[in-house]
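*Asks:* A structural model of the following input is requested.
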Amino acid sequence: MLELLPNELTIECFEYFYIFHLFYSFNGLNDRFNKLIRNIPIHVSFDHVCKSTFDHFCKQLLSNSEIKQQIYSLHLSNKDTCRQIDRFLTLIPLNELLHLQTLTLTQLDRENIVKLKSMLAISTNLFSSELISSPTDEDQIISVLPISNLKTNYQCYHYDHL
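*Replies:* Numbers count the residues shown, from 1 in each chain. This next block holds a predicted model:
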């Protein structure tokens, strides 16, 4: 039984869960699990995530600021989604994710760039950034990124318009 394991082992087990399943299964179950899942670094990838899962997790972030402080990496995508990047940035500005170190954005569009400009300027913990956009947007994206603040790397990839 998971409830009988010591906290250290339970946290180690939790780190192997897909983050959305972890929160769906254990958040609100009891005080012990609530405290434990708020002590693990969160690596969130919304790539290939359905809208209901995306919305549910965003509600979790909005209702509990502690969870925002646990996010160390974030992957948002506009590919095959309903403008996921814009929706996320409207609900949760990146500058509220104080421990965010790695950011990946797929199929970034011009509207996203406008929002990112102010948010990324004050994201001081960002170590790495990977942006996947159209070739025409690369100059705008580079002007937005605080490249001098990035500790390890910045990569910009292009996708082909069909």
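*Asks:* How are the helices of the protein distributed by residue range?
*Replies:* 7-14, 19-26, 31-37, 51-63, 65-68, 84-91, 110-121, 138-144 (DSSP state H).
*Asks:* CSV please, covering those helices and showing mean neighbour count.
*Replies:* Placement of C-beta: from N, CA and C, glycine included. Output for the helices of the chain, formatted as CSV (neighbours: other C-beta atoms under 10 Å):
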stretch, mean neighbour count
helix 7-14, 14
helix 19-26, 16
helix 31-37, 15
helix 51-63, 14
helix 65-68, 15
helix 84-91, 19
helix 110-121, 16
helix 138-144, 15
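*Asks:* By mean pLDDT, show me the worst of those helices.
*Replies:* Across those, helix 138-144 has the smallest mean pLDDT, namely a mean of 60.
*Asks:* Could you chop the protein up by domain?
*Replies:* 1-40, 41-158 (automatic domain parsing).
*Asks:* and the end-to-end length of the first one?
*Replies:* The distance separating the two terminal residues of domain 1-40, taken as C-alpha to C-alpha, to the nearest Å, comes to 20 Å.
*Asks:* any idea how far that domain is from the chain center?
*Replies:* On the basis of C-alpha atoms, centre = their mean, to the nearest Å, domain 1-40 sits 19 Å off its chain's mean C-alpha point.
*Asks:* Just want the phi and psi numbers for Trp16.
*Replies:* No, residue 16 isn't Trp; it's Tyr. Main-chain torsions, Tyr16, degrees, to the nearest 10: phi -90, psi -10.
*Asks:* related to what we said a few turns ago, how about the helices of the chain, which one is nearest His75?
*Replies:* helix 84-91 (10.1 Å; C-beta to C-beta).
*Asks:* Contacts made by stretch 74-87 with the rest, please.
*Replies:* Stretch 74-87 has contacts (C-beta atoms under 8 Å, 6 or more residues apart in numbering) with 44-48, 51, 54, 58, 88, 94, 97, 100, 102-109, 111-112, 115, 159.
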